[in-house]
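*Asks:* Got a sequence here, can you model it:
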Amino acid sequence: MTDFLEVTRAAYDVVAVSYEELLRDDLAANTADRAVLGMFAEHTTGRVADVGCGPGRITAHLASLGVDAFGVDLSPGMVEVARERHRGLRFEVGSMTALDLPDGSLGGVVAWYSLIHVPPELHPEVFAGFFRALEPGGHLLLAFQAGDEPRRITEGYGHRIDLTAYRLPPERTSALLVDAGFEVRTTVVRAPEPPNEKTAQAYLIARKPA
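*Replies:* Numbers count the residues shown, from 1 in each chain. Down below sits the predicted model:
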């Protein structure tokens with residue numbers, strides 16, 4: 001089951017530089033993404049881990065909103081790009097399947113289109129790790145493509161790659177969060193924005209009970 005980690009790491013190492021260049025200004029054109037991130041920022045106090053941070057664009061946006069955010073990513077290539085692009089912020093290599101953070105040390109966790117590369121049968125384990133790392137009253141934000149099927153990606157950001165992305169049903173994902181102990185506070189599902197998006201996009205904000 002660890003093979004998916006190696007495949008995902010390799011793919012994002014390859015695309016790291018071009019990924020950052022292509023998505024650098026994406027948030028500026030996406031009102032819904034900014035609104036959800038703003039809502040999360042208002043709910044959250046304490047340190048926030050952006051898990052699967054890629055080149056750090058979400059980490060940096062949260063920091064611009066006054067959040068004490070740092071990034072964690074599986075790909076050393078992505079972490080290198082993030083550190084170069086956002087020199088005042090902290091980024092480290094790590095995996096959401098084995099989150100190396102102390103119990104109750106975080107006010108918030110963000111998994112922004114990063115859970116999609118973890119096989120769904122491992123999601124309960126991932127959510128348990130998020131729950132453990134959050135302090136009581138801490139918040140979790142997930143963003144993902146809505147659906148119920150895996151998609152194999154063989155080309156992305158100008159490179160040949162081999163990567164699986166899982167579209168996830170919001171209702172089932174919410175139920176798994178509840179099973180992990182979370183209270184789901186906000187669910188948003190929006191229509192895709194052409195030409196780049198092919199399916200509905202989902203956002204969940206959940207809270208660890210105080």
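*Asks:* hmm, who's touching stretch 17-24?
*Replies:* Tyr12, Gly54, Pro55, Arg57, Gly77, Met78, Val81, Arg85, Tyr157, Gly158, His159 (Cβ atoms under 8 Å, 6 or more residues apart in numbering). For every residue, glycine as well, the C-beta is placed using N, CA and C.
*Asks:* pLDDT-wise, which helix or strand of this structure ranks last?
*Replies:* strand 150-156 (a mean of 80; mean pLDDT, DSSP states H and E).
*Asks:* which strands and helices sit next to that one?
*Replies:* If contacts are counted by 3 or more Cβ pairs under 8 Å, 6 or more residues apart in numbering; DSSP states H and E, strand 150-156 sits against helix 3-23, strand 159-166.
*Asks:* so of the ones you listed, which one's packed in deepest?
*Replies:* Each of the helices and strands packed on strand 150-156 was assessed for mean neighbour count using mean count of other Cβ atoms under 10 Å. The highest is helix 3-23, with a mean of 17.
*Asks:* C-alpha coordinates for the very next helix or strand once past that helix, CSV please?
*Replies:* As assigned by DSSP states H and E, the chain's next helix or strand after helix 3-23 is helix 31-43. Extracted in CSV, the C-alpha atoms of helix 31-43 (Å, rounded to 0.1, in the frame of the first residue of the first chain):
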residue,chain,number,x,y,z
THR,A,31,-13.9,33.6,-5.6
ALA,A,32,-15.2,30.4,-4.0
ASP,A,33,-11.8,29.1,-3.0
ARG,A,34,-10.9,32.4,-1.4
ALA,A,35,-14.3,32.5,0.4
VAL,A,36,-13.9,29.1,1.9
LEU,A,37,-10.3,29.8,3.0
GLY,A,38,-11.4,33.0,4.5
MET,A,39,-14.1,31.2,6.5
PHE,A,40,-11.6,28.7,7.7
ALA,A,41,-9.2,31.4,8.7
GLU,A,42,-11.9,33.2,10.8
HIS,A,43,-12.7,30.0,12.6
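*Asks:* which element follows helix 31-43 toward the C-terminus?
*Replies:* With secondary structure assigned by DSSP H and E, helix 31-43 is succeeded by strand 47-51.
*Asks:* after that next one, next one along is what?
*Replies:* Per DSSP H and E, the first helix or strand lying C-terminal to strand 47-51 is helix 57-64.
*Asks:* Quick one: distance of that following helix to the chain centre.
*Replies:* Distance of helix 57-64 from the chain centroid (Cα atoms, centre = their mean, to the nearest Å) equals 12 Å.
*Asks:* What is that helix packed up against?
*Replies:* Using 3+ Cβ pairs under 8 Å, 6+ apart, helix 57-64 sits against helix 31-43, strand 47-51, strand 68-73, strand 106-112.
*Asks:* Tell me what angle that helix forms with strand 106-112.
*Replies:* Relative orientation of helix 57-64 and strand 106-112, computed by axes from the mean of the first three to the mean of the last three Cα atoms, to 10 degrees: 140 degrees.
*Asks:* tell me the angle of helix 57-64 relative to helix 31-43?
*Replies:* 50 degrees.
*Asks:* just the angle between helix 57-64 and helix 3-23, please?
*Replies:* Orientation check (the same axes, to 10 degrees): helix 57-64 against helix 3-23 gives 60 degrees.
*Asks:* which residues sit against helix 57-64?
*Replies:* Contacts for helix 57-64 (Cβ under 8 Å, 6+ apart): 20, 23-24, 26-27, 34, 37, 40-41, 48, 50, 53, 69-71, 82, 85-86, 88-89, 91, 110, 112.
*Asks:* Appreciated, that's everything.
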